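Asker: Structure here, sequence nowhere to be found:
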């Protein structure tokens, strides 16, 4: 099997290009976040006050990379850390007002990227595409 024509290679290339495009959209919109940071923030927009470990689990990232991302987001005034009152070893991550304000604009950037990715595909093709990817994911999850 030729590596460049494998499903894994196509998926990897699509992910890379999608993140590059999202980063361009976020930058053009003058938002102070990256695609990876957006992914982290989506979880806080759903449920504020998560632990760093919970965010790492939800984003399939290791704790070290989440810590670095949180450091940058905190420095940029998007989030703040607070000590868990029940366990001082644990930090909870909360959105700042600025962090909450980013949600709508960032979602618009994601929507523009989604439109580019799915250009020329019918709704039925998109649903089939998602279904096939979900089956492949289930095959690898244990």
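Answerer: Perfect, thanks for sending it. Since this is a predicted model, take the numbers as computed values, not measurements. Residues are numbered from 1 along each chain as shown.
Asker: Which residue would you name as the spatial centre of this protein?
Answerer: The central residue of the chain, meaning the one whose C-alpha is nearest the mean C-alpha position (CA atoms, centre = their mean), is residue 39 at 1.7 Å.
Asker: tell me which element that one falls in.
Answerer: Using DSSP states H and E, residue 39 sits within helix 35-46.
Asker: Show me what that helix is packed against.
Answerer: The criterion is 3 or more CB pairs under 8 Å, 6 or more residues apart in numbering; DSSP states H and E, and the helices and strands that helix 35-46 contacts are helix 7-28, helix 52-59, helix 63-75, strand 91-95, helix 97-117. (C-beta placed from N, C-alpha, C; glycine too.)
Asker: one more time with 10 Å
Answerer: Identification of packing neighbours for helix 35-46 by 3 or more CB pairs under 10 Å, 6 or more residues apart in numbering; DSSP states H and E yields helix 7-28, strand 50-51, helix 52-59, helix 63-75, strand 79-83, strand 91-95, helix 97-117.
Asker: Does the residue nearest to the centre of the chain touch residue 73 like I think?
Answerer: No: counting by CB atoms under 10 Å, no contact exists between residue 39 and residue 73, whose distance comes to 11.8 Å.
Asker: any shared contact partners between those two?
Answerer: Common neighbours of residue 39 and residue 73, using CB atoms under 10 Å, 6 or more residues apart in numbering, are residue 33.
Asker: pLDDT score assigned to residue 102?
Answerer: At residue 102, the pLDDT value in this model is 97.
Asker: what's the burial count for the nearest residue to it once chain neighbours are set aside?
Answerer: Counting by CB to CB, 6 or more residues apart in numbering, the nearest residue to residue 102 once its immediate chain neighbours are dropped is residue 31, at 6.0 Å. Burial of residue 31 is recorded as 18 neighbouring residues (other CB atoms under 10 Å).
Asker: and if you look at residue 25?
Answerer: Residue crowding around residue 25 was assessed by other CB under 10 Å; the count is 21.
Asker: Excluding residues flanking it in the chain, which one is nearest it?
Answerer: If the residues on either side of it in the chain are set aside, residue 25 comes closest to residue 109, at 3.9 Å by CB to CB, 6+ apart.
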